[in-house]
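A.B. asks: Got a sequence here, can you model it:
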Amino acid sequence: MAKGQAAFEIADQRVPAGSQRSIKLPAARLYTDTPIELHVEVFHGVKPGPTLLVCAALHGDELNGIDICRRLIKKINPKRLNGTLMVVPIVNVLGFIQQTRYLPDRRDLNRCFPGSQRGTLGGRLAYLFYSQLLQRATHLIDLHTGAINRSNLPQVRTDIRDGDALQMAEAFLAPVILHAKERDGSLRSTATDLGVHSILYEAGEALRFDEASIRTGLNGILNVMKLLGMAQRRGSRRKYDPVVANSSQWVRNELDGLIISRVRLGDRVTKGQILAYSASPHGDNEEPIRSPFDGIVIGMSNIPIANEGEALFHLAKFDRDRMDEAGEIVDAFIEDFEPRVL
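C.D. replies: Residues are numbered from 1 along each chain as shown. Model (predicted):
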């Protein structure tokens, strides 16, 4: 054990300084009596420092974060680490098995925190995560994607009133930071109540891998670790500073029909600009869907049909004097990750 750095204790196990250990927490059982376990990779550094918790697949169909965690685990050397890193690639194991966002009882695990030992399945899983992992953390990075058939531009969401969390969000280097208050029962809300500084990374679409989203997420975590003094990294490029959006809004369909989109993810739009047409399949009616303000498309539906009231385009709203800057930042990000023809 390195001098001055005690072993890290979790689930009645000790992780010596300068070592890595896989911890399996009993979480639930299938109907077949097969045990389901929450797998945690713990890296305990040789010197004191923060305890960073990185987790993915809180919604079981959100896969990008799982591959981000897989790549992160391969990069960490505990002998060159300050503090402790806990990585949970799959939180909602039951949802992941079924390739669904929810738990078997259709509850959203991200509305069950801090949970209860004697509550619903979601409450019990949330309490396990809360009591064994979150309470040991000083910082949290929660990895997400868009819902099924919806894509998100890489973005970090946090309460920018938390100065430490805002610094994490800026260091992450996703093109957009979205000011977002915590929702009751969410992991991020519970983390805030504990004094754990947290950010949420959103990128890509459920049940799909997206290389740009994965690479941005991996680089972002390593950047945050450098910010926290946990590890050094080489070759980190900083081509832009992320821009903060103080609010966002989903634009919804007003008529049932086919959706003929006129914008793409990451596009800069102006107030009144036509985002899409809602068209009758019989060809006798096309109604324009317009942007309610100047903004950037940070999320959108991938299904070209929609009923009245369905969310189609998620627009981030920026201060007027930063709108051009925001557009340039997003353009630079997209150019970096644009597929190249070899």
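A.B. asks: A171 - how many residues pack around it?
C.D. replies: One way to gauge burial is a neighbour count; for A171, by other Cβ atoms under 10 Å, it gives 21. For glycine as for every other residue, the C-beta is placed from the backbone atoms N, C-alpha and C.
A.B. asks: Might one say that it is in contact with N223?
C.D. replies: Yes. Using Cβ atoms under 8 Å, A171 and N223 qualify as a contacting pair, with a distance of 4.7 Å.
A.B. asks: right, and A203 touches N219 too?
C.D. replies: No. Using Cβ under 8 Å, A203 and N219 do not qualify as a contacting pair, with a distance of 11.8 Å.
A.B. asks: Same drill for those two, tell me which one is more crowded.
C.D. replies: Per other Cβ under 10 Å, whichever of A203 and N219 has more neighbours is A203, with 27 against 18.
A.B. asks: Who are the contact partners of that one?
C.D. replies: Remark: with contacts taken as Cβ atoms under 8 Å, 6 or more residues apart in numbering, A203 is in contact with 64, 144-145, 152-155, 174, 210, 212-213, 216-217.
A.B. asks: Pretty sure it sits in a helix.
C.D. replies: No. Assessed by DSSP: H, G, I helix; E, B strand; the rest coil, A203 does not belong to a helix; its assignment is strand.
A.B. asks: roughly how far apart are it and T216?
C.D. replies: 6 Å (Cβ to Cβ, to the nearest Å).
A.B. asks: Now do the shared contacts for these two.
C.D. replies: With contacts defined as Cβ under 8 Å, 6+ apart, the residues adjacent to both A203 and T216 are 154, 174.
A.B. asks: just for the stretch 151-300 of the chain, where's the confidence low?
C.D. replies: 234-238 (pLDDT under 70).
A.B. asks: In it, what residue spans correspond to strands?
C.D. replies: The residue ranges that make up the strands of the stretch 151-300 of the chain, judged by DSSP state E, counting those that start in this stretch, are 176-179, 197-204, 243-245, 247-252, 257-261, 268-269, 274-279, 286-290, 295-301.
A.B. asks: now these as JSON lines including distance to T34?
C.D. replies: Compiled in JSON lines, the strands of the stretch 151-300 of the chain are given as follows (distance: least, Cβ to Cβ, whole Å):
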{"stretch": "strand 176-179", "distance to T34": "40"}
{"stretch": "strand 197-204", "distance to T34": "30"}
{"stretch": "strand 243-245", "distance to T34": "44"}
{"stretch": "strand 247-252", "distance to T34": "40"}
{"stretch": "strand 257-261", "distance to T34": "43"}
{"stretch": "strand 268-269", "distance to T34": "50"}
{"stretch": "strand 274-279", "distance to T34": "46"}
{"stretch": "strand 286-290", "distance to T34": "48"}
{"stretch": "strand 295-301", "distance to T34": "37"}
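A.B. asks: Looking at those strands, which one is packed in the most?
C.D. replies: Using mean count of other Cβ atoms under 10 Å, the stretch among those with the greatest mean number of neighbours is strand 197-204 (a mean of 27).
A.B. asks: Okay, angle between that one and strand 295-301 too, please.
C.D. replies: Relative orientation of strand 197-204 and strand 295-301, computed by axes from the mean of the first three to the mean of the last three Cα atoms, to 10 degrees: 70 degrees.
A.B. asks: Quick one: the helices in the stretch 51-200 of the chain, in order.
C.D. replies: The residue ranges that make up the helices of the stretch 51-200 of the chain, judged by DSSP state H, counting those that start in this stretch, are 64-75, 93-98, 121-132, 163-172, 187-194.
A.B. asks: now the ones you listed as CSV including distance to S301?
C.D. replies: Below are the helices of the stretch 51-200 of the chain laid out as CSV (distance: least, Cβ to Cβ, whole Å):
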stretch, distance to S301
helix 64-75, 18
helix 93-98, 21
helix 121-132, 27
helix 163-172, 26
helix 187-194, 24
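A.B. asks: what two of the contacts of A203 have the greatest distance between them?
C.D. replies: The span of the contacts of A203, defined through Cβ to Cβ, is set by H144 and A212 at 15.6 Å.
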